[in-house]
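S.K.: any chance you can model this:
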Amino acid sequence: MMTLLLLAALLWPLCVAGNVVWQAYRTPVATRRYFSLIWLSASWPALLLAYAGEAQWMVEAWMLGGYWELNALSRPWLAFTILLWSLAAVHGRGYFSAEQAKAQAGDQAAERRLLRLALFWPLTLLGNVLLIVAQDIASFYLGFALMTFAAYALVVHSGSPEARLGAKAYLILAVIGEGLILGGLLWAAGTAETVTLEGVREGIASAEQGALMALLLWLGFGVKAGIMGLHVWLPLAHPVAPAPASAVLSGAMIKAGLLGWLNVLPLGLEGLSPALTQLGNGMLVAGLAAAFGAALYGIWQRQPKAVLAYSSISQMGMLTAMVAMGLTAPGVWPLLLPGLVLFAAHHALAKGALFMGTSISEHMPRLPKPLLFALIALPGVSLTGALAAGMVSKWGVKDALYKMEHTSLIMLLTWAAIGTAALVSVCVWRQWQQRHSGGSDNFQSGAWLTAILAALITPLWLPLPEGSVVPPPIGEWWGVVWPFPAGVMLVVGGFYGLRHVRIKRPPAGDLWWLYSVVAINAVEVASAMAYKCQKVKGASVNAALVFERYAMGRLTRLLSSEAWMRHHGSGLMMAFAVVLALLLLWEGLR
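M.R.: Predicted structure coming up:
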């Protein structure tokens, strides 16, 4: 049964993609439904697989040998990832209903957009499923690359200039990340002579150059996880992608980078080299810098989805700092890992609900506005740790750090939570300012409400090992909750104090624009150098042609004397013989 579920989880998305192509050729445009029940069901077998239990599969005929596994890490990861994919698909059915009506009415541009998205959505899902269950290098990288490049269609969907820019930024960073990942995996696999992710992890721990291998993999997966410096695609891609696509990009796909770290870095292993420990310190600093820097920059954004993108960067910065503890303090890792998985799962559903909520505020259903915006804000409040699953997930991390006496990191993560509260407050305020009536589709609002509920009760449905969920004692509630009111008051006070001050809003993408200037100048310098080289090449070719003509002329004149030499050859030889005889005679007489 487990094997059948695995096959269905991997093959059914391919069948769904094939059905999209079939419908494109066989079904008239006027009656074509891009988001049918078959399309919605692409993720359902994988969701069943996540709850079927733990299992292992060895497939010798698969590439270098397939090794797939559902264990204490991959089961909950698959569960929250596929649940979000399922809810986002249902949300998308309502979200794209107006665009589908345009396509059925003969709008060819809408038809192409929907066909492209309907085709690449299940392929992106397939890559996400494969990388979660894979434990061999080939399968993992195949899934990661498929998910990465198929998701380009989700970002570029609208085809607007902003969408093309966001998709370009996403693709450029994706190519850089894939190169770093492939280099790190091949280096580590070749050194350790292994084809499994576990072998890579052990090889990095023992290799002389293990820190450099780990650095490549940290940076490569960090592109997807949004580490500082490589995060610039997130605030450019999220605002332009459709809300369902943004939900899975920020909730599920961004976690693929985090899962990559957990699979290949030697986290929790004792006796690591000083270089690996130093890398952990660098990861810790980078994570905290992202947590605080993204919050400070994101609160100035006007577009709600851009604010949420910076919130994702900030939250992933916290997770990066937690992962770094696996290298700098291996003893805390067994205690920290369950809390980290719950943190990631809650963030995935809460952030997915927040992104879906941006479409709800753009097409408000017939609900009282205070109730509607309270629901929109609810997953964000939980994300700060102020209630429900958010409180439990934050305490799970803090409890592990308390037990190992890492109080400084607890304090920094608590302050970073103030930034999360500020970003959520700004996002909801921007949604209120940009709200529009018009009514949401039942599928759209239903999936959004379900995502909110799933985010609030994450520990109840997530298949974590027994004893992984530790609710905070009542005496610790205030220590977890207080960052939320502090962040809200900070935003209110800032808006009130600066209401008469004209401040130029920083653009979304921050370092992207610096990178663009540097890249443009580098291209211009390279073009100028190429032009100079072309001129030098032209001059060299001309000089070579002149020399060639001169040499050929001299050679031609030499060849023209050949006939004279043949005619007088016998006389010259006799003269040469006489001269030689005279020289010999002279030598004899001396």
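S.K.: tell me the contacts of L342?
M.R.: Counting by Cβ atoms under 8 Å, 6 or more residues apart in numbering, L342 touches 389, 392-393, 396, 458-459, 462, 464, 468-469. No exception for glycine: its C-beta is placed from N, CA and C like everyone else's.
S.K.: mind running it again at 7 Å?
M.R.: Neighbour list for L342: 393, 396, 458-459, 462, 464, 468-469 [criterion: Cβ atoms under 7 Å, 6 or more residues apart in numbering].
S.K.: got it, and A417?
M.R.: 384-385, 483.
S.K.: quick check: closest non-adjacent residue to it.
M.R.: Once flanking residues are discounted, A417 sits nearest to P483: 3.8 Å by Cβ to Cβ, 6 or more residues apart in numbering.
S.K.: residue ranges with poor pLDDT in the stretch 301-450 of the chain?
M.R.: Along the stretch 301-450 of the chain, the model assigns pLDDT under 70 to residues 438-440.
S.K.: the strands in it, which residues?
M.R.: Counting by DSSP state E, counting those that start in this stretch, the stretch 301-450 of the chain has no strands at all.
S.K.: quick one: pLDDT of the residue nearest the centre of the chain?
M.R.: Closest to where the C-alpha atoms of the chain average out (Cα atoms, centre = their mean) is K224, at 2.0 Å. Residue-level confidence at K224 comes out at 91, pLDDT.
S.K.: is it true that it touches L258?
M.R.: No. Using Cβ atoms under 7 Å, K224 is not in contact with L258, being 8.3 Å away.
S.K.: re earlier: could you flag which of the contacts of L342 are buried?
M.R.: Taking 16 or more other Cβ atoms under 10 Å as the criterion, what is buried in the contacts of L342 is 393, 396, 458-459, 462, 464, 468-469.
S.K.: make JSON lines out of these and add secondary structure and distance to V341.
M.R.: JSON lines is the format used below for the buried ones among the contacts of L342 (DSSP: H, G, I helix; E, B strand; the rest coil; distance: Cβ to Cβ, whole Å):
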{"residue": "S393", "secondary structure": "helix", "distance to V341": "9"}
{"residue": "G396", "secondary structure": "helix", "distance to V341": "9"}
{"residue": "T458", "secondary structure": "helix", "distance to V341": "10"}
{"residue": "P459", "secondary structure": "helix", "distance to V341": "11"}
{"residue": "L462", "secondary structure": "coil", "distance to V341": "8"}
{"residue": "L464", "secondary structure": "coil", "distance to V341": "7"}
{"residue": "S468", "secondary structure": "coil", "distance to V341": "8"}
{"residue": "V469", "secondary structure": "coil", "distance to V341": "10"}
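S.K.: in a markdown table, list those along with distance to S314.
M.R.: Shown next, in a markdown table, are the buried ones among the contacts of L342 (distance: Cβ to Cβ, whole Å):
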| residue | distance to S314 |
| --- | --- |
| S393 | 15 |
| G396 | 19 |
| T458 | 19 |
| P459 | 23 |
| L462 | 23 |
| L464 | 25 |
| S468 | 25 |
| V469 | 24 |
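S.K.: from these, pick the one nearest G419.
M.R.: S393 (16.9 Å; Cβ to Cβ).
S.K.: ok, now which ones touch the closest one?
M.R.: 339, 342-343, 346.
S.K.: can you rerun that using 10 Å?
M.R.: Applying Cβ atoms under 10 Å, 6 or more residues apart in numbering to S393 gives the contacts 339-347, 350, 382-383, 385, 458-459, 469, 480.
S.K.: same check on N521?
M.R.: Under the criterion of Cβ under 10 Å, 6+ apart, N521 has no contact partners.
S.K.: that one belongs to a helix?
M.R.: Yes. N521 sits within a helix when classified using DSSP: H, G, I helix; E, B strand; the rest coil.
S.K.: in contact with the residue nearest to A417, which residues?
M.R.: With contact taken as Cβ under 10 Å, 6+ apart, P483 is in contact with 384-386, 394, 413-422, 490.
S.K.: swap in 6 Å and give it another go.
M.R.: Shown in contact with P483 (Cβ atoms under 6 Å, 6 or more residues apart in numbering): 384, 414, 417-418, 421.
S.K.: report how many residues lie close to the closest residue to A306 other than its chain neighbours.
M.R.: Excluding the flanking residues, the one nearest A306 by Cβ to Cβ, 6+ apart is A508, at 4.3 Å. Using other Cβ atoms under 10 Å, A508 has 28 other residues around it.
S.K.: pLDDT value on A508, please?
M.R.: The model's pLDDT for A508 equals 80.
S.K.: so P463: helix, strand or coil?
M.R.: The assignment at P463 comes out as coil when based on three-state DSSP.
S.K.: now it. Its backbone dihedrals?
M.R.: Main-chain torsions, P463, degrees, to the nearest 10: phi -80, psi 70.
S.K.: check the gap between it and L49 for me.
M.R.: Applying Cβ to Cβ, to the nearest Å, the value for P463 to L49 is 11 Å.
S.K.: who has more neighbours, the two?
M.R.: Shown here are P463 and L49; by other Cβ under 10 Å, L49 has more neighbours (26 against 18).
S.K.: what is the rounded mean pLDDT of the strand or helix carrying the more buried one?
M.R.: Using DSSP states H and E, L49 sits in helix 44-50. Averaging pLDDT along helix 44-50 yields 93.
S.K.: just the buried residues of that helix, please?
M.R.: Neighbour counts over helix 44-50 (16+ other Cβ under 10 Å) mark 44-47, 49-50 as buried.
S.K.: which residues sit against it?
M.R.: With contact meaning Cβ under 6 Å, 6+ apart, helix 44-50 is reached by 5, 8-9, 12, 75, 78-79, 82, 129.
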